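>>> Sharing a model that was predicted from the sequence below.
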Amino acid sequence: MLSLWLPRLSTDRIVRWRDSSPSPRLRGEGRGEGLLEAQTRGNAPSPACHRCATAGDLSPHAGRGERALVIYGKRGNAELLVAVDEAAERLGLSPGLALAQARAMHPAIEAIEEDAEADSQLLDKIADWCLRYTPLAAVDAPDGLLLDIGGCTHLYGGEQALIADLAARLERAGFAFSIAVAGTIGAAWAAAHHGEPESYKGGEERALLSPLPLAALRLPPEIVAGLARVGLKRIGDIVDLPRAPLAARFGAELLRQLDRALGREHEPLNPRLPIAPYVAEQRFAEPIAREEDVLGTVARLAVRLQFALERRGDGARRIELTLFRTDGELRRIAAGTSRPLRDPAQIRALFVERLNALADEFDPGFGFDMARLSVMVAEPCPPEQIGIGGGEDSAELDRLVDRLSARLGARRVRRLIAQDSHIPEIAAVSVPAQAALAAATDGGWQAYRHYCAEAELAPRPLRLLARPEPIEAIAEVPDGPPLRFRWRRALHEVIAADGPERIEGAWWSEQGGPARDYFRVEDKSGLRFWLFRSGLYRDLRREDLAHGAAAPTWFMHGMYA
Amino acid sequence: MLEQLRQRLQAMQKPVALDGAPGCLPLGVKPIDATLGGGLARGALHEIAAPSEAHLAAATGFAAGLAALRSDARAPSPRLRGEGRGEGVFPNTQNRGNAPSPDRLRHSASKTRVNALMAQTVDLSPHAGRGERHRLAWIAEDTALVESGALCGLGLDAFGLPPERLLTVAAARTQDLLWAMEEALHCRAVGTVIGEWRHGAIDPVAVRRLSLAAADGGALALLLRTAPMNDLSTAATRWIVGAAPTVIPYGFRSRGLTPASRNDEEIIPRFAAHLVRNRRGPTGSWILQWSEADEHFLLAPHAQPVAAPALDRPHRQVA
């Protein structure tokens, strides 16, 4: 378990976007820059600005001549410092101090209001970027990350190499950090925040934790203060104490945190992203940027996934391609399929469409140095039968659906299904084709035909308006068809009408609306429409009308051929 | 030399025959099929335009009718399989071209119901119509769907086009529409591709691409448009299809409007179809009617000439 602490996240963020936008006018736009781009300016923070840097250190910041930077925020009614940069710390400022007091001590400091939103966005971005090390990356708010690197270290040639790689990249990006590896989340966290940030083996937790202060157990401040009052300051002080009195006095939380840190109790990690059941990845010595190279990589990775999928008899329903840009940005491209898929050629074809659709958004920058293809959703995929029954035909259609969905978006490619309802706009709806194919192939139309025949329904129009449009109509009272009506500013004279067909609203629902009387009408020029009157004239009482109650209104709902 | 080249070109432009299926889709109406030289060419692009926005539903119906037509009239459609129409091998050569009796029209609605009931007993799995590419892709722009409504599954079913066969695509831009049409035309499972290209002038290059894609895949490509302009295109035929009245307006109005009398008149799909461009033969105008009961076109019984005069007046020979 690796714990990464970014103690100066907020101040580093300010310094970084200042450095990345040379002109002061553009400063506000600097946030969109690459996350971990190599900074070329001389004033980039140096490796020396680790947490352990003490006031006596001669770091390059000292000679930079820049003003100390503090971040303040409102806590209760007071404006307190919430973060300070290294220069400010050397001046003796620390979080928790009142802003006014800090200004009195050092009038030259620069104070910026906190932006918790931007901080957490940056942290999320760093977490995403850490996916290159392990798929199990969790955000440890407000300024840390937890990575489960178990089983991933060999990809980098060992734990130390992985830590070195991570440290080098963070340094280049200009973050102050502290990394610790230990057997449990609690121990790694404690070591990163309060101990010597290095790598500990499993089983060393006790030795590691004993000298650390109790705050390293991630306890609420009240409990730490309460323990301090009875003289318990270090973790070593409570490890061997009888448990029952401790629990009775300070609550179960204390013991649970202790047990978790010591590995007596399992602590679950809450990864930021869902874990893909199948993953294949590839790193590149030289960054790749061309689309053909990316697609070639997809095909290669898909071949590897194919073996894994075949072994378990699965097929992919949703595939995600993650591309890691050299400057730390991530490109995530997902494609859905309408049937479980494991043919590399078809997977590649899906991404051809996705990349085409992205066009300009697909910005390789200086290239990608790693690619990962993950199957996000897998479903059992029976061995394919070729050339028997209609399978080939429908497979061909599924491929078309997948291609169209990949390029245009899954919600744009739809199929019509019938639903069990008498209200026309609900009775037939369209659903995304990729979802519909997995469901019943019939789409409910058999049942609808049966119902239609039983109920002797009048034919419905070919085209149905998305929502009925109000029309001005002159009709016979109480329930006659309209004689003439005006729709979209054109007057239509009705010469034939069929109806009414009364369709009750959804009376069981609040939004049901009144009953509708539908008419099929034909106008003089042969246009055929489906109109309805919402509400009944007989429900209107004279006194209501006198009070200005609305008379039943007419609506245009559809057009017949 | 020139002549030879022309012949070769002509040979290349011939509609591609599907394996087993003919290269033409007969409409089942004798004068039209004669004009078209056997029927609407498959593997080619056809334009269907509504004379105005209001008539779009009629043009939609015409296109849906073409999609619902079955090229092999021998095999009854899945909807009808239980009926057992023993009409011989080529029913459309016997009596489809003739005007049906009024009785037949009046009963068409109840017949639909019977068919629907009969269909219960029949296997209607999606593989029932295997090998005849009965899938249909309907591709439209978003704006079109908002302006004139989306296809209604219930209406299509009543019309005789089973909605199971339909795949609808909403395209945000014209380029997407054209791309999706091309993709669908290349798909071997799709027999008919209908694109609603409503806005803007038609781009001859795009139409040419679509024609080539259609010829390559062998599917029937229909382009649905409104307010046709007389622009150049490589489409095999261009139709202007509007709604035609099913009742005679003036006679009817003089009788007075009483609900009972109006309910006598049956409202059925009827089109005024003008073939204004035909690369393989003459043009013409017809008043057609769609029989929802057994899914075929027939000439309207009271065919009257509509506003635009027919160029070669083929209806005279029929009436």
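Received the coordinates, thanks. Predicted model only: the values in this text are computed from it and were never measured.
>>> Okay, domains of chain A per the record?
For chain A, automatic domain parsing gives the domain ranges A:278-408, A:413-455, A:463-560.
>>> roughly how far out does the shortest one sit from the chain middle?
The reference is to domain A:413-455. Domain A:413-455 has its C-alpha centroid displaced from the chain centroid by 32 Å (Cα atoms, centre = their mean, to the nearest Å).
>>> where does the stretch 151-300 of chain B dip in pLDDT?
B:199-200, B:228-230, B:232, B:247-266 (pLDDT under 70).
>>> A:Ala302 sits in which helix or strand?
Using DSSP states H and E, A:Ala302 falls within helix A:291-312.
>>> Let me know the secondary structure of A:Ile112.
What DSSP: H, G, I helix; E, B strand; the rest coil gives for A:Ile112 is strand.
>>> And the pLDDT for the closest residue to it other than its chain neighbours?
Nearest residue to A:Ile112, sequence neighbours excluded (Cβ to Cβ, 6 or more residues apart in numbering or on different chains): A:Ile71, at 5.6 Å. Backbone N, C-alpha and C define where each C-beta goes, glycine included. A:Ile71 is assigned a predicted lDDT (pLDDT) of 88.
>>> Bridged to A:Ile71, which residues?
Applying DSSP bridges to A:Ile71 gives these bridge partners: A:Ala83, A:Ile112.
>>> pLDDT score for residue 43?
With no chain named, the answer covers chain A. For A:Asn43, pLDDT reads 40.
>>> if you could check chain B rather than the one you did, that'd help
87.
>>> again, but for A:Pro197
76.
>>> Repeat that for A:Pro514.
At A:Pro514, pLDDT is 81.
>>> Which parts of the stretch 51-200 of chain B are helices?
With DSSP state H, counting those that start in this stretch as the criterion, the stretch 51-200 of chain B has helices at B:56-68, B:91-94, B:102-106, B:108-119, B:142-148, B:153-159, B:174-186.
>>> same check, this time on the stretch 151-300 of chain A
Under DSSP H, counting those that start in this stretch, the stretch 151-300 of chain A gives helices at A:159-173, A:185-194, A:205-209, A:221-229, A:235-239, A:243-250, A:252-262, A:291-312.
>>> Quick one: these as TSV, columns for mean pLDDT and mean neighbour count too.
Shown next, in TSV, are these (pLDDT from 0 to 100; neighbours: other Cβ atoms under 10 Å in any protein chain shown):
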stretch	mean pLDDT	mean neighbour count
helix A:159-173	88	17
helix A:185-194	88	26
helix A:205-209	82	20
helix A:221-229	88	14
helix A:235-239	85	17
helix A:243-250	86	13
helix A:252-262	87	19
helix A:291-312	90	17
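>>> And these: which comes nearest A:Glu329?
helix A:159-173 (11.8 Å; Cβ to Cβ).
>>> what's the closest one packed up against?
strand A:178-181 (3 or more Cβ pairs under 8 Å, 6 or more residues apart in numbering or on different chains; DSSP states H and E).
>>> The residue nearest to A:Ile112 touches A:Leu80, doesn't it?
No. Judged on Cβ atoms under 8 Å, A:Ile71 makes no contact with A:Leu80 at a distance of 10.1 Å.
>>> higher neighbour count, those two?
Higher neighbour count among A:Ile71 and A:Leu80: A:Ile71, with 25 against 18, using other Cβ atoms under 10 Å in any protein chain shown.
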